[in-house]
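Asks: Sharing a model prediction with you, sequence too.
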Amino acid sequence: AYTVPIEEAYDIIHQAKQHLSGLAKRFKFVMSHSSGKMEIIGKTDELIYFKYHRAHDSENSNRLLAFKLNPAATWFDDYDQPVEDCPMNITSHTPGPVAS
């Protein structure tokens, strides 16, 4: 069987998205797992981020998880325990006029 490691696949998908425009960029990188459907939402130099979309356990619904990178991982189960203290660096931006 031929498999591409998750982190390599994420890089391929991220590069491909940069060549698309409009609605074509809206696809998601999702995998099915026994615990539910998970989206691979991002990667830094040290961590990879997952988000549950359809969790079998309602406590996991929309849960974000971060794991230390594992370049050999080809499945969600290949990652160890989630990182407890991870920077998300998420900012919110509301488009519109700037208040003066």
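Replies: Sure thing, it's come through.
Asks: Ramachandran angles for the closest residue to Lys25 other than its chain neighbours?
Replies: With sequence-adjacent residues excluded and distances taken as Cβ to Cβ, 6 or more residues apart in numbering, Lys25 is closest to Lys17, at 5.3 Å. Every C-beta, even on glycine, is put in place using the N, C-alpha and C of the backbone. Main-chain dihedrals, Lys17, degrees, to the nearest 10: phi -60, psi -30.
Asks: Report the separation between Lys17 and Val4.
Replies: For Lys17, the distance to Val4 equals 16 Å [Cβ to Cβ, to the nearest Å].
Asks: With neighbour numbers in mind, choose between those two.
Replies: Lys17 (14 against 11; other Cβ atoms under 10 Å).
Asks: Do you have the helices of the protein handy? List them.
Replies: 6-17 (DSSP state H).
Asks: for it, what are the low-confidence residue spans?
Replies: For the chain, applying pLDDT under 70 flags the ranges 85-100.
Asks: where do the strands sit along it?
Replies: With strands called from DSSP state E, the chain shows them at 30-33, 36-43, 47-55, 64-68.
Asks: how about the ones you listed, which one is nearest Glu84?
Replies: For those, the distance to Glu84 is smallest for strand 64-68, at 9.0 Å, taking Cβ to Cβ.
Asks: List the pairing partners of that closest one within its sheet, with orientation.
Replies: The strands beside strand 64-68 in its sheet (DSSP bridges) come out as strand 47-55 (antiparallel).
Asks: a markdown table for the strands of the chain, including distance to Ile12 and mean neighbour count?
Replies: Converted to a markdown table, the strands of the chain look like this (distance: least, Cβ to Cβ, whole Å; neighbours: other Cβ atoms under 10 Å):
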| stretch | distance to Ile12 | mean neighbour count |
| --- | --- | --- |
| strand 30-33 | 15 | 13 |
| strand 36-43 | 12 | 17 |
| strand 47-55 | 14 | 18 |
| strand 64-68 | 19 | 18 |
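Asks: Which of those sits closest to Ile13?
Replies: Evaluated with Cβ to Cβ, the strands of the chain place strand 36-43 nearest to Ile13, the distance being 8.3 Å.
Asks: mind checking how far Lys43 is from Ser61?
Replies: Distance of Lys43 to Ser61, given as Cβ to Cβ: 23 Å.
Asks: Many thanks, have a good one.
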